Every structure is written in C-alpha cells, then in structure tokens.
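**Q** Build me a model from this:
(one chain, ligands or ions: 1)
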Amino acid sequence: MTVTYTESQPKVTCPSCQGRRVQVIATSPLGLLGPTRRLPCVTCDGTGKITMEFLQRILHGRYVRAHRIKAGRSVEDEALRLGIKPRELTDLENGLPIEGGLPL
Ligand SMILES: [Zn+2]
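**A** Now for the predicted structure:
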C-alpha cells in the first residue's frame, strides 16, 4: 500500500490553471495569438488541486517577488541581500521549498 502525505492534506484549487488542469503554452512569437499547445499544468501536475501548504508557499513567493520588484532590486541583488543564492530566491518566488527553510 502506498501512502502519500499529500493525500490527507486539504486541497485547494490550483491558482495557476484555476482547476482546469492544463496550461495553454504559446508556441510562436505571436504569443497566445499564434499556435498554442495545451500541456498538463506544471503547478498541480495536471490534477487541478494543490495542498494548502503549497498554496501558502506560492502566495508567499508572489509577495516576495512583488516586494522585490517594488523596491527595484534584481534577483541577484535581492539574493545577495538575503544571503541566499539567486536560484534559491527564484525557487522561493515560484513557491518551491527551500532547503533549510525561509530566511524571511
Ligand atoms: Zn494547475
């Protein structure tokens, strides 16, 4: 029997695809006006739902990014200021877990 911890956690509608389970990806320089492809949503793995914990990380990441942009700092500048790697800041802003927790 396979047990996954996410199974028991409350799920919420995926904010990336609004529960539609797919993302429409532009395949030409015309953007969404040109040819598009529908791919399974990368945020929710095509399930349309994510855990509350993941949603909180996504919302926190959006807040961190908005705050950084408002302050006029680049990813590199902000990462240096926080004492983390630029890649870690990008992960944080995208709602991905950071090894060792959040410095904020
Ligand atoms: Zn999704």
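
**Q** Could you report the separation of the residue nearest in space to the middle of the chain from M52?
**A** Centroid check for the chain by C-alpha atoms, centre = their mean gives N94 as the closest residue, at 3.3 Å. In this structure, N94 and M52 are 18 Å apart, going by C-beta to C-beta, to the nearest Å. Where C-beta positions appear, they are placed from N, C-alpha and C, glycine not excepted.

**Q** re the thing from before, so what's the residue count around the closest residue to the residue nearest to the centre of the chain other than its chain neighbours?
**A** Leaving aside its chain neighbours, N94 sits nearest to G61 (5.7 Å; criterion: C-beta to C-beta, 6 or more residues apart in numbering). Using other C-beta atoms under 10 Å, G61 has 19 neighbouring residues.

**Q** Mind pulling up the pLDDT for G61?
**A** Each residue has a pLDDT score; the one for G61 is 94.

**Q** Which phi and psi values does it adopt?
**A** phi -60, psi -40 (degrees, to the nearest 10).

**Q** Check whether it really touches T90, as I assumed.
**A** No - contact between G61 and T90 fails when scored by C-beta atoms under 8 Å: they sit 9.3 Å apart.

**Q** What residues does this structure have near the ion?
**A** 14, 16-17, 41, 43-44 (C-beta under 5 Å from the ion).

**Q** Let's see which of these end up in helices.
**A** Applying DSSP state H to these, no entry is found in helices.

**Q** the strands in this structure, which residues?
**A** Along the chain, counting by DSSP state E, strands occupy 11-13, 22-26, 36-40, 49-51.

**Q** Now do the second one: distance to the chain's middle.
**A** Once both centres are worked out by C-alpha atoms, centre = their mean, to the nearest Å, strand 22-26 turns out to sit 15 Å from its chain's centre.
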